[in-house]
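Visitor: Pasting the sequence and the predicted model now:
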Amino acid sequence: MGDASGVSSGRQERRLRPVGERTTDWRELYLPDDTTVTRGQAGRCMDCGVPFCQGDTGCPVQNVIPEWNALVNAGRWQEASAALHATNNFPELTGRLCPAPCESACVLGLVDQPVTIRNIEQAIADRAFREGWITPVPSVTRIGHRVAIVGSGPAGLAAAQQLVRQGHDVVVFEKDDRIGGLLRYGIPDFKLGKSVLEARLRQLESEGVTFEPGVNVGVDFDASVLRADFDAVLIATGARQARDLVVEGRDLAGVERAMDFLSLQNRVEAGDGVDVPKRLSARGKHVIVIGGGDTGSDCVGTCHRQGARSVLQVEVLAQPPVSRDASTPWPLWPLQLRTSHAHLEGGQRQWEVRTTRIVGSGGKVRAVQAMRGAGETVTLPADLVLLAMGFTGVEPSPLYEVLGATLGPRATVPTDRTHATVTEGVFAAGDARRGASLIVWAIREGRDAAAAIGRYLARAGARRPAPMSRFAASGRIVGHADSLS
Ligand SMILES: Cc1cc2nc3c(=O)[nH]c(=O)nc-3n(C[C@H](O)[C@H](O)[C@H](O)COP(=O)(O)OP(=O)(O)OC[C@H]3O[C@@H](n4cnc5c(N)ncnc54)[C@H](O)[C@@H]3O)c2cc1C
Ligand code: SF4
């Protein structure tokens, strides 16, 4: 296990492209991995005996972190990749995008800076793709139960991969025109290049997963068809219902939802030839982003790249402490100020700003009026206001009622501990079940749900003879090859 002598080298995070360069394009932020540095950083892992990093307060997928740190330190990258993939279907995603609760729980963090676990994970995953170690792992047996998965975000994709590897026939339905959920339309390309996603989707397809993009289950066909034609159904529809701002002026042109703004830019980068309407472009504008979270930060980074004149991100809550708050001692996920790469690229942040009214003229937004701090009224000039105030649950759809999955008070799908809803054979995972969360949790939920579905199908016995051709006959199922390009 780890080489404790590495501790003395100090924490060194993966370098990002210089701000002045990266804000002029949409390519990923990260500079190529420096193998020598990464091996040294992996050597900082102390093999501390009780690895809190992979325990309950650390990594949600329980990555065997000390094990792959030791392998990387020894230069045994392919074995490190195998150890990493044993617990995490998509480390190339978490290596780029996870907030790394593992690092907040790292024992070295008690006396020094924690190990750069996430960076090491990304280095392993990227090397595995580069070296051609990510190959299809098809099931050696075909059990032949049919599972329908609704939603192709990380939860649906992780479940699909686990189930197809168990030997089941898996169809993933997605209402968007491309597969990927928020990985595709939401998360900006500078955080996740879509070629990274596509490389993984090719693996899933080769393993036998069938993708059906452009199919809105419950609207394009009645969801009861799924129960009739499949042995089990997994709801992995995400929680994309955005929280709205209920103030005067909300309907002015230029007061826009963050997801409309972000996904449009994803489409531009995908080469869809879409025209960005002027009201949805930040170019040359004073932009105010309402909401201090990750979605807001992604809007800030996108505004910089679109050429905004100024960007101000406002948050209703008070500014968190600069270092770990006493209410969240090690190894808990700390309450503390987080500064993203987008914040380092420019713009300003203000806390304790509560929007009271949006002011416009000629039908267009001109300013945001707000109460700041203990009661100061401020008027903040704005030509574009982006609403990034979080998500309230699943988007309304007849799907849930038809599948007997009545939504709970948080507008999510209630299940028991095995991800089973009250309807036999219908399961739920990811943001649709737990509310808006993280990619690593979506992967964990997809894996757990797949295990539960596997056990359910084993109990249910032989597969039913219903054909899947009913979907094709409906004419709603489109070819999936295009979706991967
Ligand atoms: C802008 C933004 C940035 C984020 N950045 C990060 C980050 O950096 N790190 C991180 O860990 N997390 C991040 N997150 C959160 C993360 O993306 C989500 O937690 C994760 O994607 C949830 O996965 P999921 O599979 O449950 O749902 P989703 O990714 O939302 O996928 C659900 C899919 O289901 C589809 N669907 C819904 N209803 C139907 C239907 N009736 N028929 C067919 N398909 C349907 C939807 O179109 C969607 O594609 C971010 C979220 C946003 C919005
Ligand atoms: S998935 Fe997230 S929590 Fe787990 S090891 Fe990777 S960075 Fe850490």
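Guide: Yep, it's here. Ligands and ions are numbered 1, 2, ... in the order given.
Visitor: what's the distance between the nearest residue to Ser397 once chain neighbours are set aside and Gly180?
Guide: In space, and not counting its chain neighbours, Ser397 is closest to Gly218: 4.8 Å by C-beta to C-beta, 6 or more residues apart in numbering. Every C-beta, even on glycine, is put in place using the N, C-alpha and C of the backbone. For Gly218, the distance to Gly180 (C-beta to C-beta, to the nearest Å) stands at 20 Å.
Visitor: more crowded one of those two?
Guide: Under the criterion of other C-beta atoms under 10 Å, the comparison of Gly218 against Gly180 puts Gly180 first, with 27 against 22.
Visitor: what about the residue of the stretch 151-300 of the chain found nearest ligand 2, neighbour count?
Guide: Per C-beta to the nearest ligand atom, Pro154 is where the stretch 151-300 of the chain lies closest to ligand 2, at 11.2 Å. Pro154 sits with 32 neighbouring residues when counted by other C-beta under 10 Å.
Visitor: what residues are up against the closest residue to it other than its chain neighbours?
Guide: Leaving aside its chain neighbours, Pro154 sits nearest to Ala442 (4.0 Å; criterion: C-beta to C-beta, 6+ apart). For Ala442, the contact set (C-beta atoms under 8 Å, 6 or more residues apart in numbering) comprises Gly153, Pro154, Ala155, Ala158, Ala236, Ala429, Gly430, Asp431.
Visitor: Is Ala442 in a helix, a strand, or coil?
Guide: helix (DSSP: H, G, I helix; E, B strand; the rest coil).
Visitor: Please report how far it lies from Thr87.
Guide: 14 Å.
Visitor: mind saving the C-alpha coords of the host helix or strand of Arg354 as CSV?
Guide: Applying DSSP states H and E as the criterion places Arg354 in strand 353-361. What follows is strand 353-361, C-alpha atoms only, in CSV (Å, rounded to 0.1, in the frame of the first residue of the first chain):
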residue,chain,number,x,y,z
VAL,A,353,-28.9,39.6,-1.5
ARG,A,354,-32.7,39.0,-1.7
THR,A,355,-34.2,40.0,-5.0
THR,A,356,-37.4,41.9,-4.5
ARG,A,357,-38.2,43.1,-8.0
ILE,A,358,-36.9,43.1,-11.6
VAL,A,359,-37.0,46.4,-13.4
GLY,A,360,-37.4,46.8,-17.1
SER,A,361,-38.2,49.1,-20.0
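Visitor: buried residues in it?
Guide: Buried positions in strand 353-361, judged by neighbour count with 16 or more other C-beta atoms under 10 Å: Val353, Thr355, Ile358, Val359, Gly360.
Visitor: relative to its centroid, which residue of the protein is most remote?
Guide: Gly362 (38.1 Å; C-alpha atoms, centre = their mean).
Visitor: what are the phi and psi angles of that residue?
Guide: phi 60, psi 30 (degrees, to the nearest 10).
Visitor: pLDDT wise, what is it at?
Guide: With respect to pLDDT, Gly362 scores 97.
Visitor: same thing with the one 4 residues further on?
Guide: In the predicted model, Arg366 carries a pLDDT score of 98.
Visitor: likewise Glu79?
Guide: 98.
Visitor: now swap in Ser469 and tell me
Guide: So Ser469 comes in at 42 (pLDDT).
Visitor: what are the ranges of the strands in the stretch 351-485 of the chain?
Guide: Using DSSP state E, counting those that start in this stretch, the strands of the stretch 351-485 of the chain run over 353-361, 364-372, 376-381, 384-387, 391-393, 426-428.
Visitor: ranges for the strands of the stretch 101-250 of the chain?
Guide: Using DSSP E, counting those that start in this stretch, strands in the stretch 101-250 of the chain cover 146-150, 169-174, 210-213, 232-235, 241-242.
Visitor: Kindly format the C-alpha coordinates of the third one as PDB.
Guide: This points to strand 210-213. Once non-C-alpha atoms are left out, strand 210-213 reads as follows in PDB (Å, rounded to 0.1, in the frame of the first residue of the first chain):
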ATOM      1  CA  THR A 210     -30.100  -0.100 -26.400                       C
ATOM      2  CA  PHE A 211     -30.500   3.600 -26.400                       C
ATOM      3  CA  GLU A 212     -33.800   5.200 -27.500                       C
ATOM      4  CA  PRO A 213     -33.300   9.000 -27.500                       C
END
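Visitor: so how far is it from its chain's centroid?
Guide: Relative to its chain's centre, strand 210-213 lies at 20 Å (C-alpha atoms, centre = their mean, to the nearest Å).
Visitor: same thing with the longest one?
Guide: For strand 169-174, the gap between its own C-alpha mean and the chain's C-alpha mean amounts to 19 Å (C-alpha atoms, centre = their mean).
Visitor: again with stretch 34-50
Guide: Relative to its parent chain, stretch 34-50 has a centroid offset of 26 Å by C-alpha atoms, centre = their mean.
Visitor: Just the CA trace of it, in CSV.
Guide: Extracted C-alpha coordinates of stretch 34-50, given in CSV (Å, rounded to 0.1, in the frame of the first residue of the first chain):
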residue,chain,number,x,y,z
ASP,A,34,1.9,15.1,-15.3
THR,A,35,2.6,11.4,-14.6
THR,A,36,5.5,12.0,-12.3
VAL,A,37,3.5,14.5,-10.2
THR,A,38,0.5,12.2,-10.0
ARG,A,39,2.6,9.3,-8.9
GLY,A,40,4.1,11.4,-6.2
GLN,A,41,0.7,12.7,-5.1
ALA,A,42,-0.6,9.2,-4.9
GLY,A,43,2.4,8.4,-2.7
ARG,A,44,1.1,11.0,-0.1
CYS,A,45,-1.7,8.5,0.8
MET,A,46,-0.7,7.2,4.2
ASP,A,47,-2.6,3.9,4.0
CYS,A,48,-4.0,5.0,7.3
GLY,A,49,-5.6,1.8,8.4
VAL,A,50,-9.2,3.2,8.6
